[in-house]
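Visitor: Sharing a sequence plus its predicted fold:
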Amino acid sequence: MPVVGVNRDRLFEALGRKYTDEQFDQLCFEYGIELDDVTSEKEMIRKELANNNADSQLQNASEDVIYKIDIPANRYDMLCLEGIARALNIFKGRTPMPQYKLADIKGKALQQLVVKSETALIRPYVVAAVLRGVTFDTSRYNSFIDLQDKLHQNLCRQRSLVAIGTHDLSRCRGPFTYEALPPADISFVPLKQTRKFRADELLEYYLANDQKLKKYVPLIKDSLVYPAIYDADRTLLSLPPIINGAATAISLETRDVFIECTATDLTKAKVVLNTIVSMFSEYCTDAFAVEPVEVIDSFGESHVYPDLAPRQLEVPLDYINNSLGLSLSAAEVSKLLQGMQLEVATADGSSNGGTMLIVSVPPTRSDILHACDVMEDVAISYGYNNLAKQVPTTVTQGRELPLNQLSELLRQEVAFAGYTEILTWALCSRAENFDNMRCPENTSGTAAVAVGNPQTAEFEVCRTTLLPSALKTLAANKREPLPLRLFELSDVVLLDPSRDVGARNERRLVAVYCGKSSEFGIIHGLLNRVMEALSVPLAGEDKVPPLQVPMSIICMQALHATVTDVLLAKY
């Protein structure tokens, strides 16, 4: 889970009271977060450097107490002091839930961001918003920067999915354009630099000199075009996902902030934008009001961001009570959820006449996806320690799945026959699964489940047969003395339109024998043994002679499970 460091005194000021370390630890526990450590900037530097060379840095370090707080990985709204303080204040009933809204700009034109079609080659999506009348001080400014860093590390997946850019709107003017240009055509002065760089030169410079930014360079380095955002005067605002331009850098004097998020995932870009503007719109002249930006996509369609309208989620009251073992009324659940930033309305259930809760989810709570998330928030607000302990009314006994138990017994039988077990990847390349097996993919019944946006050519599809992996293992062990006897008992994945997910797993067995001479009888003997072990009769016979079926196999028959396919090959 991400750990957020916040200044204790500033946090207590935002919470409206002071706590002892023990009291604050208890408050965190009640809300479902954890006080991980109590330290200071000076202490952190001492631990990190742990040598005498740290004296100069220690002299300038602050001794203010810092709380390091463990935050759930999906609570992006709590990755900064503002979010933590707001959540705890609402939880304790000290402040009401804020009403996030779009600023009223009647009579004024929206800022416009036009997307060029070439961006589809590199980072196709962009969203944007404006914070007007923001008042920064040193602490707020640092928190604003830290939130972006935390989002980049967490939800943005090291900027591979989303990259955030913030700009002083007084130093640029719209309409803005989001373009993709050859590196040689992009030239600007980046942040923390004084001279102008060409885009490809800048990436080489970062690879050689900047430990922080060099890890982002591979995201675009090999692309034919680099993404870039320009204003109406062709001033470069940003080279996402690497660096912003120095010309529009924000500072403590900045009052209007233009925020843009370029992305390969539009949904995550919206969540990131909503999180940033929701957290820091409280410092705007009109608190919690965000000025929207019109984005014209590459198809000419207009979209307005951000979308701060609450989402509606229907949750049966009986589901909450049955899950928690409680008998709460709709009014009681509504009051509990208000402490978790969720508003509730009630409606009669349509199916069984029960009460249906209509939960309004604010833009800050992107973690609320299902009724179980609402139920969990009710449990947190009610207090896990307040839930009554009950003995379950049913008794269950854990045991191995029948198919897995049968598979283990069958593995023993094949191993007793002198074969060595192998374990290979369930993903493979299209060439291994089809071309190398001389089985065209377009043949009826041979299509495979494909991996979307595979990161390597070796893992493109889910295997539909075990044989390629076994043959590949043989090829990798050509130096071993012959004969080689290998087997694998694992799953393959087959397309199945009748299943909810469109595919199903099948448990299969493959065995290969490799020797200096043809020994078909060896692999055929294994096939006979497997058929006997599974009590599969010969064609024209009703059953296997009793003396040929060991007791372990009789036990297996009672499991009512079968291996769905047995594939044996001679190599």
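Guide: Looks like it arrived, so ask away.

Visitor: how about low-confidence regions in the stretch 301-450 of the chain?
Guide: For the stretch 301-450 of the chain, the stretches flagged by pLDDT under 70 are 347-353, 442-446.

Visitor: can you check the stretch 451-571 of the chain too?
Guide: By pLDDT under 70, the low-scoring segments of the stretch 451-571 of the chain are 540-571.

Visitor: how about the strands of it, start to end?
Guide: Per DSSP state E, counting those that start in this stretch, the stretch 451-571 of the chain carries strands over the ranges 461-462, 484-495, 503-514, 565-568.

Visitor: Among these, which comes closest to residue 105?
Guide: strand 503-514 (49.1 Å; Cβ to Cβ). C-betas here are computed from N, CA, C, even on glycine.

Visitor: if we can go back for a sec, nearest to residue 399, of the strands of the stretch 451-571 of the chain?
Guide: For residue 399, the closest of these is strand 503-514, at 17.9 Å, according to Cβ to Cβ.

Visitor: what's the distance between that closest one and the middle of its chain?
Guide: Chain-centre distance of strand 503-514: 32 Å, with Cα atoms, centre = their mean, to the nearest Å.

Visitor: still on that earlier bit, turn the strands of the stretch 451-571 of the chain into JSON lines, columns for distance to residue 85.
Guide: Shown next, in JSON lines, are the strands of the stretch 451-571 of the chain (distance: least, Cβ to Cβ, whole Å):
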{"stretch": "strand 461-462", "distance to residue 85": "47"}
{"stretch": "strand 484-495", "distance to residue 85": "48"}
{"stretch": "strand 503-514", "distance to residue 85": "46"}
{"stretch": "strand 565-568", "distance to residue 85": "59"}
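
Visitor: Of those, give the one that comes closest to residue 334.
Guide: strand 503-514 (41.5 Å).

Visitor: Quick test: name the residue nearest the centre of the chain.
Guide: residue 155 (6.5 Å; Cα atoms, centre = their mean).

Visitor: right, and the secondary structure at that one would be what?
Guide: coil (DSSP: H, G, I helix; E, B strand; the rest coil).

Visitor: distance of it from residue 257?
Guide: Look at residue 155 and residue 257: by Cβ to Cβ, to the nearest Å, they are 20 Å apart.

Visitor: go on, residue 310?
Guide: Counting by Cβ to Cβ, the gap between residue 310 and residue 257 amounts to 24 Å.

Visitor: who has more neighbours, the two?
Guide: Neighbours were counted for residue 310 and for residue 257 using other Cβ atoms under 10 Å; residue 257 has more, 25 against 15.

Visitor: Am I right that that one is in contact with residue 250?
Guide: Yes. Using Cβ atoms under 8 Å, residue 257 makes contact with residue 250 at a distance of 6.1 Å.

Visitor: who touches both of these two?
Guide: By Cβ atoms under 8 Å, 6 or more residues apart in numbering, residue 257 and residue 250 have these common neighbours: 166, 167, 168.

Visitor: Adding pLDDT, secondary structure and distance to residue 440, write those residues out as CSV.
Guide: Conversion of those to CSV gives the following (pLDDT from 0 to 100; DSSP: H, G, I helix; E, B strand; the rest coil; distance: Cβ to Cβ, whole Å):
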residue, pLDDT, secondary structure, distance to residue 440
166, 94, strand, 52
167, 94, strand, 53
168, 93, strand, 58
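
Visitor: Among those, which one is most surrounded by other residues?
Guide: Neighbour tally across the shared contacts of residue 257 and residue 250 (other Cβ under 10 Å): the maximum, 27 neighbours, falls on residue 167.

Visitor: Can you list the residue ranges for helices in the stretch 51-200 of the chain?
Guide: Along the stretch 51-200 of the chain, counting by DSSP state H, counting those that start in this stretch, helices occupy 55-60, 81-91, 138-153, 199-209.

Visitor: Point out the most buried one among these.
Guide: Highest mean neighbour count among those (mean count of other Cβ atoms under 10 Å): helix 81-91, with a mean of 21.

Visitor: Okay, angle between that helix and helix 138-153 too, please.
Guide: Angle between the axes of helix 81-91 and helix 138-153 is 90 degrees (criterion: axes from the mean of the first three to the mean of the last three Cα atoms, to 10 degrees).

Visitor: before we move on, the earlier item: as a markdown table, the strands of the stretch 451-571 of the chain with mean neighbour count and distance to residue 336 would be great.
Guide: Putting these into a markdown table (neighbours: other Cβ atoms under 10 Å; distance: least, Cβ to Cβ, whole Å) gives the following:
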| stretch | mean neighbour count | distance to residue 336 |
| --- | --- | --- |
| strand 461-462 | 20 | 44 |
| strand 484-495 | 20 | 43 |
| strand 503-514 | 20 | 40 |
| strand 565-568 | 16 | 52 |
